[in-house]
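In: fold the following for me, if possible:
(2 chains)
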Amino acid sequence: MPTVSVKRDLLFRALGRTYTDEEFDELCFEFGLELDEITSEKEIISKEQGNEKAHGASDVVLYKIDVPANRYDLLCLEGLVRGLQVFKERIKTPMYKRVMPKGEVQKLIITEETAKIRPYAVAAVLRNIKFTKDRYDSFIELQEKLHQNICRKRALVAIGTHDLDTLSGPFTYTAKKPSDIKFKPLNKSKEYTACELMNIYKTDNQLKHYLHIIENKPLYPVIYDSNGVVLSMPPIINGNHSKITVNTKNVFIECTGTDFTKAKIVLDVIVTMFSEYCENQFTVEAAEVVFPNGKLHTFPELAYRKEMVRADLINKKVGIRETPENLAKLLTRMCLKSEVIGDGNQIEVEIPPTRADIIHACDIIEDAAIAYGYNNIQMTLPKTYTIANQFPLNKLTELLRQDMAAAGFTEALTFALCSQEDIADKLGMDISATKAVHISNPKTAEFQVARTTLLPGLLKTLAANRKMPLPLKLFEISDIVIKDSSRDVGARNYRHLCAVYYNKNPGFEIIHGLLDRIMQLLDVPPGEKKGGYAIKASEVSAGSSKKQQSSRKTPSALLTMPKPLTVWITIHCGKF
Amino acid sequence: MLFKLLGIFWDRGKDPDGSKDVTTGAVSDPGIEPRFPALQTDSLLFEPPAGRDTRSALGATMADGPVAEVLLRRLEAADGGLDSAELATELGVEHQSVVGAVKSLQALGQIIETELRSTKRWELTTEGEEIAQEGSHEARVFRSIPPEGLPQSELMRLPSGKVGFSKAMSNKWIRVDKSAADGPRVFRVVDSVEDEVQRRLQLVRGGQAEKLGEKERSELRKRKLLTEVTLKTYWVSKGSAFSTSISKQETELSPEMISSGSWRDRPFKPYNFSAHGVLPDSGHLHPLLKVRSQFRQIFLEMGFTEMPTDNYIESSFWNFDALFQPQQHPARDQHDTFFLRDPAQAQQLPMDYVHRVKRTHSQGGYGSQGYKYNWKLDEARKNLLRTHTTAASARALYRLAQKKPFTPAKYFSIDRVFRNETLDATHLAEFHQIEGVVADHGLTLGHLMGVLREFFTKLGITQLRFKPAYNPYTEPSMEIFSYHQGLKKWVEVGNSGIFRPEMLLPMGLPENVSVIAWGLSLERPTMIKYGINNIRELVGHKVNLQMVYDSPLCRLDAERGPPSTQEAA
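Out: Below is the predicted model:
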């Protein structure tokens, strides 16, 4: 869930009133936000780097607000304020307009070389915008939030914003060999080739995370203006030449990416949020993008869509009884301008370009429910009549657990993931013989494989509890995982019971007795000839240990290990 | 031996009072392991291990000991009472044996009355004792130097050499001549010295420490020659049932006493109810799984059927795609999910259904705009360790959808899920997820809230409120908050919602069927219930077995805290 950090006083000024922390928390809760933390820059620095570093930092109060992951329109102060003001019916949701410029329209031409690396680009112009320090910071911060969320750390979409007055169109979006790209990147004083830059940024704490997106590609994406000035090398860095400042008047925005839909959404979000500060409020100047196939598209799309939802459907799904007019009012408070039409039961809902999250009637229904207030909905019990059943394997497990404890054994709960060593080397097994499933991306050795036996976990539990009085008698009934090509995913669980006895003397007869007791509980008689169970000796490869296996329907095993003095047993529960 | 345990009386900070010492003494004694099976042998019935038995063996064996008798006789003659330490000095016995006698008499009822007194006293350390006897190191060094001097190297080899040399030097008692032929040589400077240190220590030994100034005492303490000890003594006076003749009390009722009738005349030692009893030797269930059992029970009481969840390995298809979670969703990142190297791909998928899912993601349908991206089968085939049991719910709902006509269903599951995330005090790479699902015609958000209210009431949670939230596969979605009395704030206790039509309709469920669902973790309520702050103390091999042994029953709907006070019968 993205967290947006806004200055409290700035927020209250924009909202036109002040709140106590509790009141604002309450408002957030109702709207589906979460006031996560109240802090200040000073506090943050002092927490992360110590009090000394924080000296002199700002102690302006910051609200850190958690925003739902699909609400890109709430990722900046401007959007939050707009959403809350409309919700509280203090303002009407604005109409966002795209206009063609009086003079020449800005053009971005995509060449076909981009096809293999980053094929899509969209663009727009914010004309006569008036930044202040706070607005400028918010503009930069919004791009960062978008990059981290919908843009998937710039992999799907990367944003470049430029001072249009320093450039001259038309612009070309192409891809070139890294050695052929040379420019002065943002905040550097000299020119570097793309190869050099990729090296320099390897140690850059922020940029190093994006290098992998293009690093091993033969061609890197790059945008030029008509004079050959580099605007940006997406998704890594912009050029220094067209850098925007607080004094920038006209902003050229380009978004490049591998996901066309998301690139369009990102552009729409940026321009709808910041056209607020343009001379013509909420008006965005169009830009044209020529695709390699020669087709010309105009951006931003700023598409409004109409959806028809029946009032009784909303009432039925939420469990309320509101008039269509009231429902339309509720939706309008969620920035979804709605009116009752037709037979008086139809509500026409206008989906603005800011609400890309609305893709189905159920999304509209949710907004009606939020505006109605979740906590105002009458709770009722469904009349669904059903008979409960237990999953048979779990039912057996529950019964066995009780009786294992009654037999004096204590239940352990160990991890299903472990290292290869745990299930193979340490037990004298070859890893290939274990038929274990292997994890491809473990962060540490503890998560290399899924366990193929419960024994390592119990032995580790013993090792961690050596200070406890003896004897230790432990058991666990849980699942292990084995490869099995007959299953759809190529692996399956088995429910195992494993028990260990740990003492100064081996106590083989104790674990043997437990096995007898378990068989008694499972109603399996002793003696192979009677169709019952028997224990057979078999060798294990490691050391001098003796392994004994009981046959019939139980591939269970008893093992005496020389050190520590531990005897154990495992049983496949699924067999019973 | 028992006296020894009790008589640790010149102690520093230990509670000298009664039963607590008995217990700690016994447990820390290497000779007795409270959980050792030998405890159960018959012979121990006659020799109960100290501290674990309600009936203390002290009284009967020791009350008729010589010290106790003397104590009573002196007390009879004494005016008012007597001090345990003084008596020990007079009798020339260890103070602890007098204390033992006091304790054993206390156990007999109102024979004596006692009052605990503590006094501070200065004592010599072993080194201080030696100096009081032999003189200070510096004096000994001085004495060992003959008029013709001594080579420094030789002097340093003396037992008091090193310390004594520097002290004697700073006292200007001796000097070193470095120009001597055979190396530096030490000579006396003065003819005789006054050994002040020895004199002061002798004063302390003579019980006259108060004659020393505060400064002098602290100087000696810094040299580790003196230490201040707290002496805890009993002031003993006659009790209401005072008597000098005490008969031996019985500790156990025997068959012989009953048959002979002698029990009528014998005095019995009262039970010591403040001592601990002997815990039965038993096995124990793990607290987290005790809570799991209770959650299962609650679901069963509410008529929910348990879903099979015995497949930790899942395909991305069932874990994500079937739930309408797009393929670029951050949860599908390597950083969040454990993918498999072997077996890397799911070979079998229900292809008809897969195509409907693909179409819904990439183009929309069923009233949806879809996500409009290039959906890839290879991505859906990627095997992983399931990140939620909702994958199992998806399978169960798909099976339900294949049954015609549709029959309403209520499902639940509690099982392990896996996340490749950063580990901390409350997050592990694996944890248990609890999930409840209801599928029926015409279910509403109000129904979801109603079911949740019943469910949480069974957990003992009655104050609920709901916050709008976002989940990729439910819409509307609501986070469930409950008011935490201890923290005095609302805390999140679960997540819930109505499954999206884009998830249900491709499965083949009828259009007017809604599916409400909610989920929570098993670990969090367990940690709150059992007051555990670090999840590693609860789950995994590093668990403290003592915690498992000691954990109480899991009664989720019962108030926590001490039970209402009731007079013992």
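In: which parts of the stretch 251-400 of chain B are helices?
Out: Ranges of helices in the stretch 251-400 of chain B, per DSSP state H, counting those that start in this stretch, are B:255-260, B:287-301, B:316-319, B:351-362, B:377-381, B:390-402.
In: ramachandran coordinates for the residue in the stretch 301-450 of chain A positioned nearest to chain B?
Out: Using CB to the nearest CB, the closest approach of the stretch 301-450 of chain A to chain B is made by A:Gly319 at 2.7 Å. Using the backbone N, CA and C atoms, a C-beta is placed for each residue, glycine as well. In terms of degrees, to the nearest 10, the main-chain angles of A:Gly319 are phi 90, psi 40.
In: residues touching it, list them.
Out: A:Ile377, A:Gln378, A:Thr380, B:Thr444, B:Leu445, B:Gly446, B:His447 (CB atoms under 8 Å, 6 or more residues apart in numbering or on different chains).
In: tally of neighbours for the fifth one?
Out: A count of nearby residues for B:Leu445, using other CB atoms under 10 Å in any protein chain shown, gives 27.
In: burial of B:Leu220, as a residue count?
Out: 23.
In: pLDDT wise, what is it at?
Out: What the model reports as pLDDT for B:Leu220 is 84.
In: setting aside sequence neighbours, what's the nearest residue to it?
Out: Residue nearest to B:Leu220 in three dimensions, not counting chain neighbours: B:Leu226, with 4.2 Å by CB to CB, 6 or more residues apart in numbering or on different chains.
In: for A:Ile91, helix, strand, or coil?
Out: Secondary structure, DSSP: H, G, I helix; E, B strand; the rest coil: A:Ile91 is coil.
In: and the strands in the stretch 151-300 of chain A?
Out: Taking DSSP state E, counting those that start in this stretch as the test, the strands found in the stretch 151-300 of chain A are A:157-163, A:171-176, A:182-183, A:192-193, A:220-224, A:230-233, A:237-238, A:251-257, A:283-290, A:296-299.
In: sort out for me which of the contacts of A:Gly319 are in helices.
Out: Using DSSP state H, the subset of these located in helices is B:Leu445, B:Gly446, B:His447.
In: report pLDDT for the second one.
Out: Per-residue confidence at B:Gly446 stands at 96 (pLDDT).
In: test my guess that it contacts A:Val318.
Out: Yes. If you go by CB atoms under 8 Å, B:Gly446 and A:Val318 touch, sitting 7.0 Å apart.
In: low-confidence ranges in the chain?
Out: If you meant another chain, say so; for now it's chain A. A:528-531, A:536-576 (pLDDT under 70).
In: can you look at chain B instead?
Out: For chain B, the ranges with pLDDT under 70 are B:1-65, B:246-248, B:559-569.
In: what phi and what psi does the backbone show at the residue lying farthest from the centre of it?
Out: Here chain B reaches farthest from its C-alpha mean at B:Ala181, the gap being 68.6 Å by CA atoms, centre = their mean. Backbone torsions of B:Ala181, given as degrees, to the nearest 10, read phi -60, psi -50.
In: roughly how far does it sit from chain A?
Out: 61 Å (CB to the nearest CB, to the nearest Å).
In: same question, B:Asn383
Out: On the measure of CB to the nearest CB, B:Asn383 and chain A end up 5 Å apart.
In: what's the local residue count around that residue?
Out: B:Asn383: 27 neighbours (other CB under 10 Å).
In: which stretches in the stretch 451-569 of chain B count as helices?
Out: B:501-507, B:523-530, B:545-550.
In: get me the contact residues on the stretch 451-576 of chain A for chain B.
Out: A:457-458, A:460-461, A:463-465, A:468-475, A:479, A:481, A:483, A:485, A:487-493, A:495 (CB under 8 Å from any CB of the partner chain).
In: stretch A:435-445 near chain B anywhere?
Out: Yes. Residues of stretch A:435-445 contacting chain B under CB under 8 Å from any CB: A:Val437, A:His438, A:Ile439, A:Ser440, A:Asn441, A:Pro442, A:Lys443.
In: B:Asp336 is in contact with the fifth one, correct?
Out: No. The pair formed by A:Asn441 and B:Asp336 falls short of the contact definition of CB under 8 Å, at 10.1 Å.
In: mind listing the shared neighbours of these two?
Out: Contacts common to A:Asn441 and B:Asp336, judged by CB under 8 Å, 6+ apart, are B:Asn420.
In: give me phi/psi at A:Asp403?
Out: Main-chain dihedrals, A:Asp403, degrees, to the nearest 10: phi -80, psi -20.
In: report the contact partners of it.
Out: A:Arg517, A:Leu521.
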